[in-house]
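K.L.:
Starting from these lines, generate the structure:
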Amino acid sequence: MAAPQSKPVDLIVLHEHPEWQKPLFAALERRGVSFKPFDLKAAAFDEADVPEAKLYFSQASPSAYLRGNARAVPLALALMKSLEEAGARVLNGSRTFALELSKSAQAALLRKLGLRGPRTITFNDAKAVRGRAASFPWPALLKPDQGGSGARMFLLETVDELERLLEQRPELWLPDNLLLLQEKVPYDTSHGIVRMEFLGGELLYAMRVVSHGSFNLCPSELCNPVDGEDGACAVPEVKPTQPVEFYPYPEVSPDAVEAGRKIVRAGSLDVAGIEFIETPEGPVFYDINANSNLRAPIAAAFGFDPFERVVDFLESELRKLG
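P.N.:
Residues are numbered from 1 along each chain as shown. Below is the predicted model:
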């Protein structure tokens, strides 16, 4: 935490990407909430400090390393743990952030909850995959355990291709030296995947996302602008044939929504974006996002401003703390 300030605040927002936070900060200012941002990029804290605010809201992102801010991730986790040990209320706290940092942990949670997810192998050496390759469903997706903005993702046909890629591109192991091979679940690409946004344990809205081959499905308008221009997220390894498209999806199935509720409860997710593929056998969940970049045009189609809803939630949490 920063040095104690003369004017206390009720809320501190932990973040690393100020552009992503502008709509939230603007909504907090409109509502007169006493808050301040805490930038994780270059920071220090003393665990002996008394928490400076009633409430902390983590907007830390696993993709920080893509912006040259890899050090923000371990500091965010350490800070949240220290705050929690000191008795502070941290929304999307250390347990939640640790879940977001590990796709293998997400796969384990889905299995524990009895929900379908793609078959997954986690590994730190490509040759260690070979003994499992014969029984693995190819083609498969190579993913980082610590994901973010579709970076370091490749569609591979064989284990030989996997080994060649990692020999040629050793930087793909960074920053965590842990990768996944994940089953590519077939689906109707013209329909797209489904992303549900949850707030306070309940569905905020759902949308369909048509990728056109992109792995970067970040819903932030900064990363995937409404006008289809190039965004500010990391450049994806696969250039899409068209801009990523986002559509309101009020038809999302009740079964998928209830499964999403189970995930957010089990993962202690106060705010979450959960992605899944619709199949004839039911939803297949494959990504759990704690740093949920809300897309205002989608929420507007449902008749509300998503950032105002987040402020409603934050104010309700502050009232609980007295």
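K.L.:
And the helices in the chain, which stretches?
P.N.:
18-31, 72-85, 94-100, 103-112, 130-133, 159-168, 254-266, 296-301, 306-321 (DSSP state H).
K.L.:
looking at the ones you listed, which is buried most?
P.N.:
Burial of those is given as mean neighbour count (mean count of other C-beta atoms under 10 Å); helix 94-100 ranks first at a mean of 21. Just so you know, the C-beta spots here come from the backbone N, C-alpha and C atoms, and that holds for glycine as well.
K.L.:
Does it pack against any helices or strands, and if so which?
P.N.:
Judged by 3 or more C-beta pairs under 8 Å, 6 or more residues apart in numbering; DSSP states H and E, the packing partners of helix 94-100 are helix 72-85, helix 103-112, strand 282-289.
K.L.:
Let me see the mean pLDDT of the first one.
P.N.:
What helix 72-85 shows for mean pLDDT is 96.
K.L.:
Any idea how far that helix is from the middle of the chain?
P.N.:
Remark: helix 72-85 is offset 17 Å from the chain centroid, using C-alpha atoms, centre = their mean, to the nearest Å.
K.L.:
how about that helix as CSV, C-alpha atoms only?
P.N.:
The C-alpha trace of helix 72-85 is given here as CSV (Å, rounded to 0.1, in the frame of the first residue of the first chain):
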residue,chain,number,x,y,z
ALA,A,72,2.1,-6.3,-11.5
VAL,A,73,0.8,-9.9,-11.2
PRO,A,74,2.9,-11.2,-8.2
LEU,A,75,2.6,-7.9,-6.4
ALA,A,76,-1.2,-7.9,-6.8
LEU,A,77,-1.4,-11.4,-5.4
ALA,A,78,0.9,-10.6,-2.5
LEU,A,79,-0.9,-7.4,-1.7
MET,A,80,-4.3,-9.0,-1.7
LYS,A,81,-3.1,-11.8,0.6
SER,A,82,-1.7,-9.2,3.0
LEU,A,83,-4.9,-7.2,3.0
GLU,A,84,-7.0,-10.2,3.7
GLU,A,85,-4.7,-11.3,6.6
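K.L.:
sorry, back to before: closest one to residue 318 among the helices and strands packed on helix 94-100?
P.N.:
The closest of the helices and strands packed on helix 94-100 to residue 318 is helix 72-85. By C-beta to C-beta, the value is 15.8 Å.
K.L.:
for the closest one, packing partners?
P.N.:
Using 3+ C-beta pairs under 8 Å, 6+ apart, helix 72-85 sits against strand 11-15, strand 55-58, strand 89-91, helix 94-100.
K.L.:
Could you list the domains of this structure?
P.N.:
11-91+313-321, 100-116+188-305, 120-183 (automatic domain parsing).
K.L.:
If I average pLDDT within each of those, which one is lowest?
P.N.:
Looking at these, the bottom one is domain 100-116+188-305 with a mean of 89.
K.L.:
Centre-most residue in the protein?
P.N.:
residue 289 (2.6 Å; C-alpha atoms, centre = their mean).
K.L.:
Could you give the bridge partners of it?
P.N.:
Beta-bridge pairing for residue 289 (DSSP bridges): residue 273.
K.L.:
And the helices and strands packed on helix 94-100: which comes nearest residue 39?
P.N.:
helix 72-85 (8.5 Å).
K.L.:
what angle separates the closest one from strand 11-15?
P.N.:
150 degrees (axes from the mean of the first three to the mean of the last three C-alpha atoms, to 10 degrees).
K.L.:
From here on, call the first residue 11.
P.N.:
Okay, residue one is now 11; in that scheme the one you just asked about reads as helix 82-95.
K.L.:
which residues touch helix 82-95?
P.N.:
11, 24, 26, 50-51, 53, 55, 57, 61, 66, 68, 70, 72, 74-75, 100, 103-104, 107-108, 111, 156, 185 (C-beta atoms under 8 Å, 6 or more residues apart in numbering).
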